[in-house]
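Q: give me a 3D structure for the following:
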Amino acid sequence: MSKNIKVNAAILIIGNEILSGRTQDTNTSTLATWLNSIGVKVTEVRVVPDEEDIIVDNLNFFRKTYDYVFTTGGIGPTHDDITAKSVAKAFGKKYEIHKEAFKILESYYKPGEFNEGRQKMVWMPSDAELILNPTSGAPGFSVDNVFCLPGVPSILKSMLGGLKNKIVGGEPILSHTISLRTVESEIANSLTKVQKENKDVEIGSYPFFHAGKLGVSIVLRSENQSKIDECNSQILKFVSEKKIEIVNR
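A: Numbering: from 1, shown residues only. Next up, the predicted model:
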């Protein structure tokens, strides 16, 4: 894939615990940051419950719409971990024991510990490719352009390195942040003008509260550093004219 092709991805977060608020999702940030660094732009994120039909419908939409799909959660040993079964259904594949995954977990656990519950983690769609897990043994898996990762943030993070050779991205997406002691309404018109003149740079503004004071962070994102630099200089020009303080955060 040539480097100037734009590559996109979607993330499907699976789990009632995210929707209920019991567990905070940090995997989106981890995945999106990593994907940006290898030139894959996350275009959409959805959170869905542990319900097979909903997972299947969303998977089928995502895998046909985006270059890559990442799922997080639902591949553990408990009754509500139904991601692997749902992926098999979405692709019309058999749901069966993955022999290589079985060997990995059988050798990972002490004799007698690889019980029926834990064996559930080796049931996958037929012909699934394993994503090795250096932290807790239980592998993730991929089918075609769908990559299924665990929901535990530290484990997910440890598995990303093993995906590098399987994901083909475009140019890495670069970013630059300017933090200002101001409010969004004060810079909105100026920022709109800069955005119109810099179509190849994505400009976002994000309010923050730091050290008891309000401010706005302007984030510039592009595959081209020179375009970010040009955009940055235009923003610094109106910041200087308006006598807005720049904040180091």
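
Q: alpha carbons only for contacts and neighbour counts from here, please
A: Will do.

Q: contacting residues around residue 138?
A: With contacts taken as C-alpha atoms under 8 Å, 6 or more residues apart in numbering, residue 138 has the following neighbours: 101, 104, 105, 121, 122, 132.

Q: same check on residue 63?
A: Taking C-alpha under 8 Å, 6+ apart as the contact definition, residue 63 lies against 69, 145, 146.

Q: what about the last one, how many residues nearby?
A: With neighbours defined by other C-alpha atoms under 10 Å, the count for residue 146 comes to 22.

Q: for it, grab phi and psi.
A: When read as degrees, to the nearest 10, the backbone of residue 146 gives phi -110, psi 130.

Q: run a quick check on it versus residue 68, I expect a contact.
A: Yes - using C-alpha atoms under 8 Å, residue 146 is in contact with residue 68, at 6.1 Å.

Q: I figured residue 90 hits residue 61, correct?
A: No - proximity of residue 90 to residue 61 does not meet the contact threshold set by C-alpha under 8 Å, at 9.9 Å.

Q: how about the longest helix belonging to the chain: buried residues?
A: Ranked by number of residues, the top helix in the chain under DSSP state H is helix 225-241. Going by neighbour count (16 or more other C-alpha atoms under 10 Å), the buried part of helix 225-241 is 227, 228, 231, 232, 234, 235, 239.

Q: next one: stretch 68-86
A: The neighbour-count check on stretch 68-86 (16+ other C-alpha under 10 Å) flags 68-77, 81-86 as buried.

Q: what average pLDDT does it get?
A: Confidence over stretch 68-86 (mean pLDDT, whole number) is 95.

Q: where's that stretch relative to the chain centroid, distance-wise?
A: What separates the centre of stretch 68-86 from the centre of its chain is 16 Å, taken as C-alpha atoms, centre = their mean, to the nearest Å.

Q: could you chop the protein up by domain?
A: Described in terms of automatic domain parsing, the domain architecture of the chain consists of the residue ranges 7-163, 174-246.

Q: which of the contacts of residue 138 fall in helices?
A: Per DSSP H, the contacts of residue 138 map to helices at 101, 104, 105.

Q: show the pLDDT at the spatially closest residue to residue 108 that is not a sequence neighbour.
A: Here the nearest residue to residue 108 in space, its sequence neighbours aside, is residue 137; by C-alpha to C-alpha, 6 or more residues apart in numbering that works out to 6.2 Å. Predicted confidence (pLDDT) at residue 137: the value is 85.

Q: can you verify residue 137 is assigned to a strand?
A: No - using DSSP: H, G, I helix; E, B strand; the rest coil, the secondary structure at residue 137 is coil, not a strand.

Q: got the phi and psi for it?
A: As for residue 137, its main-chain torsions (degrees, to the nearest 10) stand at phi 90, psi -50.

Q: for residue 191, give me its contacts.
A: Shown in contact with residue 191 (C-alpha under 8 Å, 6+ apart): residue 235.

Q: residues in contact with the nearest residue to residue 163 once chain neighbours are set aside?
A: Counting by C-alpha to C-alpha, 6+ apart, residue 131 is the residue found nearest to residue 163 once chain neighbours are left out, at 7.1 Å. Counting by C-alpha under 8 Å, 6+ apart, residue 131 makes contact with 139, 140, 141, 142, 159, 162, 163.
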